[in-house]
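Visitor: next comes the sequence, and after it the predicted model I'd like to discuss.
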Amino acid sequence: MFDDLTDLYQEVIMEHAKSPRNFREMPDATNIANGTNPVCGDNYTVYLKMNGEVVEDASFQGDGCAISKASASLLTAAIKGKTRTEVAELFDHMHDMVTTGNADERVGKLAAFAGVHKFPARVKCAILSWHAAKSAAEGKNETVSTEEPAE
Ligand code: ZN
């Protein structure tokens, strides 16, 4: 039973990795951030069109592994129409889920990534675009890395 569920989730991830949604540049984006995961080689730009507090449109460009690409694809679909605060909350749920495996019902389809917690090296792949989206929504327009600065 659990294996079937895992297979189903893997299908969601593979399908989004093969045909990512909102995979395009956004010329009229108001908020942009880059996310990089040097360990895996994932590198994405997340584009948001914000209207006040609300994400009216979201898209991404870049390249990386299947998990990072599927995650970015589901991210852009998940945050459309959400407020800045809701994006931050969803980030927290997603982060909690990929590190603990506990899927909160509020994450919806993103539950496909709950199994990632069993593969610590892939957690950064799954959360990368979320770091970028959170940063973009906050208007920081920066490059975020999954690696903490060496200090
Ligand atoms: Zn990756």
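Guide: Arrived safely.
Visitor: contacts and neighbour counts: CA atoms only from here.
Guide: OK.
Visitor: so residue 72: helix, strand or coil?
Guide: The local conformation at residue 72, judged by DSSP: H, G, I helix; E, B strand; the rest coil, is helix.
Visitor: residue 61 is in contact with that one, correct?
Guide: No. Using CA atoms under 8 Å as the test, residue 72 is too far from residue 61 to be in contact (9.0 Å).
Visitor: which one's more surrounded, those two?
Guide: Shown here are residue 72 and residue 61; by other CA atoms under 10 Å, residue 72 has more neighbours (33 against 19).
Visitor: which non-adjacent residue is nearest that one?
Guide: Nearest-residue entry for residue 72: residue 129, 5.3 Å, with adjacent residues in sequence omitted and distances by CA to CA, 6 or more residues apart in numbering.
Visitor: which residues sit against whichever strand or helix holds that neighbour?
Guide: Element membership of residue 129, judged by DSSP states H and E, is helix 120-137. The contact list for helix 120-137 (CA atoms under 8 Å, 6 or more residues apart in numbering) reads 31-37, 40, 42, 44-48, 50, 55, 65, 67-68, 71-72, 75, 84, 87-88, 91, 94-95, 98-99, 113, 116-117, 141-146.
Visitor: would it count as contacting the ion?
Guide: Yes. Against the ion, helix 120-137 shows contacts by CA under 5 Å from the ion at residue 125.
Visitor: helix or strand right after that helix?
Guide: Per DSSP H and E, helix 120-137 leads on to strand 143-145 as the next helix or strand towards the C-terminus.
Visitor: chain center to that following strand, what's the gap?
Guide: 13 Å (CA atoms, centre = their mean, to the nearest Å).
Visitor: what's it in contact with?
Guide: Outside strand 143-145, the residues within contact range by CA under 8 Å, 6+ apart are 33-38, 128, 131-132, 135.
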